[in-house]
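Enquirer: Quick one: sequence plus predicted model below, questions after.
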Amino acid sequence: MIRVGQKVTRKDDYLWDGEGEIAPVFGEVYTVRDMFVDDDGIVCLQFHEIRNQPREYKDGFIECGFEADAFCPVVDCTTDISVFTKILDNARRKQPA
């Protein structure tokens, strides 16, 4: 589940068909600024890194949002290699000489 404040990236490089809006770029990372559900029941995201001018949509005069299903969370992996070094050292000590 995506939440406000979370970093996300586009799942694929589909062509955004907006009319003059700045769209998220495939491969870039964005921070979720806001979420809303549009009139069609689609969860939409807005990002700190992208600001579009509000305009008239069927939902009203709003800033566009981007379909949440098109994004996935960015996971920070900060595994320390020392964990693997300890496992290897223990395995070496247990081997007969």
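Expert: Cool, got the structure. Numbering: from 1, shown residues only.

Enquirer: Let me see the ranges of the strands in the protein.
Expert: Ranges of strands within the chain are 7-10, 29-37, 43-47, 55-57, 60-62, 66-67, 71-73, based on DSSP state E.

Enquirer: in its sheet, what does the fifth one sit against?
Expert: It refers to strand 60-62. Here strand 60-62 has these sheet partners by DSSP bridges: strand 55-57 (antiparallel).

Enquirer: again, but for the last one
Expert: In the sheet containing strand 71-73, its partner strands are strand 7-10 (antiparallel), by DSSP bridges.

Enquirer: Can you tell me what sits against the partner strand?
Expert: 2, 24-32, 45, 70-74 (CB atoms under 8 Å, 6 or more residues apart in numbering). C-beta coordinates here come from the backbone N, C-alpha and C atoms, glycine included.

Enquirer: What's the ChimeraX line that selects buried ones from those?
Expert: Only the buried entries of these go into this ChimeraX selection, using 16 or more other CB atoms under 10 Å:
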select :24,30,32,45,70,71
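
Enquirer: of the contacts of strand 7-10, closest to K86?
Expert: V74 (28.5 Å; CB to CB).

Enquirer: Name the nearest residue to the closest one, ignoring sequence neighbours.
Expert: Leaving aside its chain neighbours, V74 sits nearest to K7 (4.2 Å; criterion: CB to CB, 6 or more residues apart in numbering).

Enquirer: Pull the number of nearby residues for the one you found.
Expert: By other CB atoms under 10 Å, 15 other residues sit near K7.

Enquirer: Tell me the bridge partners for it.
Expert: Going by DSSP bridges, K7 forms beta bridges with T31.

Enquirer: Quick check: the gap between it and C72.
Expert: K7 sits 10 Å away from C72, going by CB to CB, to the nearest Å.

Enquirer: again, but for N90
Expert: 36 Å.

Enquirer: now P73: how far from H48?
Expert: Counting by CB to CB, the gap from P73 to H48 is 15 Å.

Enquirer: Equivalent analysis for V75, please.
Expert: Separation of V75 from H48 (CB to CB): 19 Å.
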